[in-house]
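# All I have is the shape, not the residue letters:
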């Protein structure tokens with residue numbers, strides 16, 4: 001018993017020691033309405049960090065050691081009109097930051113020119129007509145806003161290039177067929193209009209950054225997208241029997257569509273089934289369950305099975321590398337579930353999901369389910385919504401950061417999950433899993449509370465956590481590694 005206690009203490013101290021890697025602290029006094037946002041350039045090993053309040057925006061250029069090598073300040077755009085920092089693109093040595101109104105119709109850009117020390121601004125009024133905003137994406141070359149046109153099979157892309165030029169493109173999916181979760185025929189607009197509450201609202205589209213750990217909360221969304229510089233992948237899983245996959249080519253602005261079936265479970269009513277998918281490394285990972293049966297499959301994008309696992313209530317889960325974890329729920333805290341039947345029954349009653357993450361040359365896969373968030377009657381300010389798109393992050397009043405959101409997405413939820421490790425040939429790797437950077441960050445925040453304007457981003461293999469210490473009036477950056 002004493003040996004076990006000593007091991008646990010050493011283990012926790014090891015995690016804590018990783019958490020204490022302070023790399024930068026910058027004295028700065030921020031007023032209300034704080035935001036934070038960054039652009040990461042992995043090629044140049046530089047990060048441009050934008051820190052703002054209701055009056056000003058300060059841009060800090062950091063080298064790979066997170067040391068400040070340049071800075072420039074600007075006035076914050078009209079806070080009554082432009083609520084959020086939403087994206088970026090870059091122009092040579094300079095960064096263009098985009099702000100928007102809540103309805104995305106008004107866009108304000110600031111080009112931070114570090115050579116001339118000037119700020120060049122542009123304002124845009126987007127010709128939104130009968131369209132609904134779905135998501136936004138950033139790259140070095142372009143910033144995109146994706147919408148769907150009402151009662152149609154058309155996506156619309158609003159595109160801003162490096163020079164600030166604005167254009168629109170239509171993506172036509174009129175040759176594709178769309179069905180709601182109950183097999184009712186609809187159009188593309190109808191797929192996004194479908195109400196999946198209480199877990200997922202109409203016109204939601206979860207942005208997944210595959211290079212970072214994704215929580216089961218995000219992996220459980222039925223409408224997900226995966227962005228790269230050249231293409232946008234959208235997966236639709238409202239129907240339990242198939243995944244509809246849409247690939248948009250961002251060079252020629254064309255789209256292809258595929259329907260990839262899920263394992264067959266013969267049961268009536270169909271509402272007793274649960275399923276989902278996750279796109280990763282040009283493969284589609286799918287799960288499907290009933291109350292006593294569970295399938296996990298890995299497929300290529302032509303729908304061919306590369307690997308399939310089936311578990312029933314009486315068989316072990318041979319491909320897991322972890323215990324069966326449960327967090328939250330009626331009993332609160334964390335507990336270990338003992339049997340496969342408990343895992344299958346619980347995830348089938350929750351919103352099932354998958355997430356995948358590179359761990360060296362292998363893939364760490366999390367399988368499980370999550371409940372809708374309990375209504376606590378108050379907004380959680382510290383980590384309620386974060387966003388990272390190719391190295392960008394938004395913060396505080398309203399911002400979307402999939403990395404930070406994944407980090408803290410289990411608040412006020414019940415979560416059941418297992419973790420599994422697979423090699424590049426889809427074979428299960430039997431090994432003990434070590435704590436990830438996210439685990440170390442959670443441990444760190446057990447002891448620190450009076451902070452705001454948090455953001456989390458990745459450079460090379462390291463994660464950097466930024467936050468404003470409300471007591472010391474400093475913006476602090478710490479480094480974490482898997």
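Received the coordinates, thanks. All figures in this text were calculated on a predicted structure; none of them were measured in a lab.

# rest of the way, CA atoms for contacts and neighbours
Fine.

# got any ranges where this protein has weak pLDDT?
Residues of the chain meeting the criterion pLDDT under 70: 1-20, 331-332, 375-409.

# quick one, what contacts residue 88?
Contacts for residue 88 (CA atoms under 8 Å, 6 or more residues apart in numbering) come out as 39, 95-98, 138-140, 142-143, 392.

# Check residue 237 too.
Neighbouring residues of residue 237 by CA under 8 Å, 6+ apart: 222-223, 243-244, 275-277.

# For it, give its distance to residue 215.
Between residue 237 and residue 215 the computed distance is 17 Å (CA to CA, to the nearest Å).

# Give the helix, strand or coil label for the residue nearest to residue 430 when sequence neighbours are not counted.
Among residues not flanking residue 430 along the chain, residue 321 sits closest, at 6.6 Å (CA to CA, 6 or more residues apart in numbering). Assigned with DSSP: H, G, I helix; E, B strand; the rest coil, residue 321 falls in the coil class.

# And residue 321, how far from residue 470?
40 Å.

# So for those two, which sits in the more crowded spot?
Comparing residue 321 with residue 470 by other CA atoms under 10 Å, the one with more neighbours is residue 321, at 20 against 15.

# Verify the stated contact: the more buried one with residue 417.
No: the criterion here is CA atoms under 8 Å, and residue 321 misses it with residue 417 at 11.3 Å.

# So which other helices or strands are in contact with the helix or strand hosting residue 276?
For residue 276, the element it lies in under DSSP states H and E is strand 274-280. Strand 274-280 sits against strand 231-236, strand 283-289, strand 351-359, with contacts defined as 3 or more CA pairs under 8 Å, 6 or more residues apart in numbering; DSSP states H and E.

# Could you provide the ones you listed in JSON lines, with additional columns for mean neighbour count and distance to residue 337?
Converted to JSON lines, the helices and strands packed on strand 274-280 look like this (neighbours: other CA atoms under 10 Å; distance: least, CA to CA, whole Å):
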{"stretch": "strand 231-236", "mean neighbour count": "20", "distance to residue 337": "31"}
{"stretch": "strand 283-289", "mean neighbour count": "24", "distance to residue 337": "18"}
{"stretch": "strand 351-359", "mean neighbour count": "24", "distance to residue 337": "17"}
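
# With distance to residue 70 as extra columns, can I get the ones you listed in a markdown table?
Formatted as a markdown table, the helices and strands packed on strand 274-280 follow (distance: least, CA to CA, whole Å):
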| stretch | distance to residue 70 |
| --- | --- |
| strand 231-236 | 33 |
| strand 283-289 | 42 |
| strand 351-359 | 33 |
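
# right, so of those, which gets closest to residue 443?
With respect to residue 443, and counting by CA to CA, the nearest of those is strand 351-359 at 20.4 Å.

# So what are the sheet partners of that closest one and their directions?
Applying DSSP bridges to the sheet, strand 351-359 is found paired with strand 362-370 (antiparallel).

# which residues sit against the strand it pairs with?
Residues outside strand 362-370 that contact it (CA under 8 Å, 6+ apart) are 216-217, 220, 346-348, 350-358, 413-424.

# Try it again at 6 Å.
With contact meaning CA atoms under 6 Å, 6 or more residues apart in numbering, strand 362-370 is reached by 347, 350-357, 414-423.

# where does residue 109 sit relative to residue 139, distance-wise?
Taken as CA to CA, the span from residue 109 to residue 139 is 15 Å.

# now do residue 131
Using CA to CA, residue 131 is found at 23 Å from residue 139.

# Looking at those two, which has the bigger crowd around it?
residue 139 (22 against 18).

# What segments of the protein are helices?
2-19, 188-193, 216-219, 340-349, 402-407, 437-444 (DSSP state H).

# counting contacts, what elements does the third one pack onto?
In other words, helix 216-219. Helix 216-219 sits against strand 351-359, with contacts defined as 3 or more CA pairs under 6 Å, 6 or more residues apart in numbering; DSSP states H and E.

# So residue 261 sits against residue 240, correct?
No: using CA atoms under 6 Å, residue 261 is not in contact with residue 240; the gap is 9.2 Å.

# between the two, which one's more packed in?
residue 240 (23 against 15).

# Could you verify my assumption that that one touches residue 272?
No: with contact defined as CA under 6 Å, residue 240 does not reach residue 272; the gap is 9.8 Å.

# buried set for stretch 314-323?
Neighbour counts over stretch 314-323 (16 or more other CA atoms under 10 Å) mark 317, 319-321 as buried.

# Kindly report the same for stretch 298-312.
In stretch 298-312, counting by 16+ other CA under 10 Å, buried: 298-300, 303, 310-312.

# same check, this time on stretch 159-178
Across stretch 159-178, burial judged by 16+ other CA under 10 Å covers 159-162, 164, 171-173, 178.

# Same check on stretch 234-254?
Buried, per 16+ other CA under 10 Å, within stretch 234-254: 234-250.

# Repeat that for stretch 60-75.
60-63, 66-68, 71-73.

# Please report how far residue 211 lies from residue 45.
Residue 211 is 17 Å from residue 45, where distance means CA to CA.

# try residue 294
44 Å.

# Counting neighbours, go ahead and name the busier of these two.
Neighbour count, other CA under 10 Å: between residue 294 and residue 45, residue 294 has more, with 27 against 14.

# How about that one: what's its closest non-neighbour residue?
residue 311 (5.1 Å).

# Quick check: buried residues in stretch 321-333?
Buried residues in stretch 321-333, counted by 16+ other CA under 10 Å: 321, 324-329.
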